[in-house]
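Peer 1: Sequence first, then the predicted structure:
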Amino acid sequence: MILLSFDIEEFDMPFEYGKDISLENQIAVSEKGTETILNILQKHQIKATFFSTVVFAEKVPHLIKRIINEGHELASHTYYHSNFEVAHLKQSKAALEALSNSEVVGFRMPRMYPVDEREIENAGYLYNSSINPTFLPGRYNHLDKPRTYFKLHNVWQIPASVSPWVRFPLFWLSFHNLPMSIYKFLAKWTYKNDGYLNIYFHPWEFTPLDNKTAYNFPKYVSKNTGNAMTERLSSFIQAMKEKKYIFGTFKEFLILKNLK
C-alpha cells in the first residue's frame with residue numbers, strides 16, 4: 001500500500017527565512033493547496049491521510065467536511081503548527097473529532113520533532129508517523145531507528161519511507177529536487193522491499209514559492225512548486241497505478257497489516 005499523506009497547517013515557514021506573513025495569508029495559501037490536492041486525489045480515485053492542525057481545520061471546515069466525505073482519513077498535526085504543549089495531544093484529537101464527526105487515531109508532530117510516546121499513548125492515538133529514519137544535518141539523526149513500522153509504548157510507529165541500504169529519504173524535498181525518473185525508481189524499489197511506501201507533502205507546495213520578495217526560500221525549497229508540483233504528483237500517482245500499486249489511508253494500513 002502507498003500511504004500518501006499531507007500535513008495541512010498554517011503556512012508559517014516564511015518566518016524561518018526572515019519573512020512576515022499574516023495568519024490570514026498562511027491559511028489562504030494552505031487552503032488553496034488543499035483544494036488542489038483533493039482535486040488530484042479525486043481525479044485519480046485514490047485515498048490519502050490528512051494530518052491537520054486544529055487552527056487550520058477551524059478556519060476551513062468546508063475542506064474538513066470534504067476530506068471526510070470523499071473517504072480520506074483525518075489525523076492530528078497537533079493544535080498549532082509552531083507552538084506545542086503536551087496537553088495539545090488530547091486537545092487536538094478531541095477538537096478534530098468534533099469538527100469532523102470522525103474518529104482520529106493518528107498523529108504526526110510538526111517538523112517531526114520528538115514527542116514522548118507515552119504521552120501519545122495516553123492521548124489515545126493508535127499510531128504516530130513522526131520519524132524520518134535518516135540523517136539530515138540540522139534536522140534529523142534517526143539512523144538508530146527502524147526503517148519500517150514498529151511498536152513503542154503501545155503506539156505503532158510508521159516512519160516516513162527511506163530507501164533500503166543507504167536510507168535516502170523519499171519525503172517532499174527529494175520529490176521536488178530529484179529527476180522524476182530517479183524518484184520513481186527509488187519509490188518502486190522501496191515499495192517492493194518494504195511492502196508499502198509512506199511519503200508526505202504539504203499544501204503550500206502547490207503554490208509557486210520562488211518569489212524571493214515574499215518568501216526568500218532557497219532553491220531546493222522552491223524548485224518544482226506550484227503547477228509543476230501538481231503535474232509531478234499526478235505523474236507519480238499515474239505511474240504507481242500503472243504498476244497496480246494500491247493507495248490507502250493509515251487506518252486502512254493498520255487493518256490490512258492487522259496492527260492493533
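Peer 2: Cool, got the structure.
Peer 1: CA atoms for contacts and neighbours, from now on please.
Peer 2: OK.
Peer 1: wait, T190 sits on V166?
Peer 2: No: applying CA atoms under 8 Å as the test, T190 and V166 come out as separate, 11.2 Å apart.
Peer 1: who has more neighbours, these two?
Peer 2: The neighbour count for T190 versus V166, taken as other CA atoms under 10 Å, is higher for T190 (20 against 8).
Peer 1: Helix or strand: which one has that one?
Peer 2: Using DSSP states H and E, T190 sits within helix 180-194.
Peer 1: what about N83, neighbour count?
Peer 2: Per other CA under 10 Å, the neighbour tally for N83 reads 9.
Peer 1: separation between it and L89?
Peer 2: Distance of N83 to L89, given as CA to CA, to the nearest Å: 12 Å.
Peer 1: got a list of what the closest residue in space to L96 that isn't next to it in sequence touches?
Peer 2: Leaving aside its sequence neighbours, L96 sits nearest to V54 (CA to CA, 6 or more residues apart in numbering; 6.4 Å). By CA atoms under 8 Å, 6 or more residues apart in numbering, the residues touching V54 are 76-80, 92, 95-96.
Peer 1: So which of the residues you listed belong to strands?
Peer 2: Those of the contacts of V54 mapping onto strands are S76, per DSSP state E.
Peer 1: how about a markdown table for the contacts of V54, with distance to N25 and neighbour count added?
Peer 2: Formatted as a markdown table, the contacts of V54 follow (distance: CA to CA, whole Å; neighbours: other CA atoms under 10 Å):
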| residue | distance to N25 | neighbour count |
| --- | --- | --- |
| S76 | 22 | 31 |
| H77 | 19 | 31 |
| T78 | 20 | 30 |
| Y79 | 18 | 27 |
| Y80 | 16 | 18 |
| S92 | 22 | 24 |
| A95 | 23 | 21 |
| L96 | 22 | 26 |
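Peer 1: Just give me the closest of the contacts of V54 to W204.
Peer 2: Closest approach to W204 among the contacts of V54 (CA to CA): H77, at 15.4 Å.
Peer 1: Would you list the phi and psi of the closest one?
Peer 2: phi -120, psi 30 (degrees, to the nearest 10).
Peer 1: could the contacts of V54 go into CSV alongside distance to I27 and pLDDT?
Peer 2: Shown next, in CSV, are the contacts of V54 (distance: CA to CA, whole Å; pLDDT from 0 to 100):
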residue, distance to I27, pLDDT
S76, 17, 98
H77, 15, 97
T78, 16, 97
Y79, 14, 96
Y80, 12, 95
S92, 18, 98
A95, 18, 98
L96, 17, 98
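Peer 1: So which of the contacts of V54 belong to helices?
Peer 2: Within the contacts of V54, residues falling in helices by DSSP state H are 92, 95-96.
Peer 1: Could you export those residues as JSON lines, including distance to N141?
Peer 2: Below are the ones in helices among the contacts of V54 laid out as JSON lines (distance: CA to CA, whole Å):
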{"residue": "S92", "distance to N141": "27"}
{"residue": "A95", "distance to N141": "32"}
{"residue": "L96", "distance to N141": "31"}
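Peer 1: Look at S130 and give its secondary structure.
Peer 2: coil (DSSP: H, G, I helix; E, B strand; the rest coil).
Peer 1: right, and it touches Y113 too?
Peer 2: Yes: between S130 and Y113 there is a contact at 7.1 Å, judged by CA under 8 Å.
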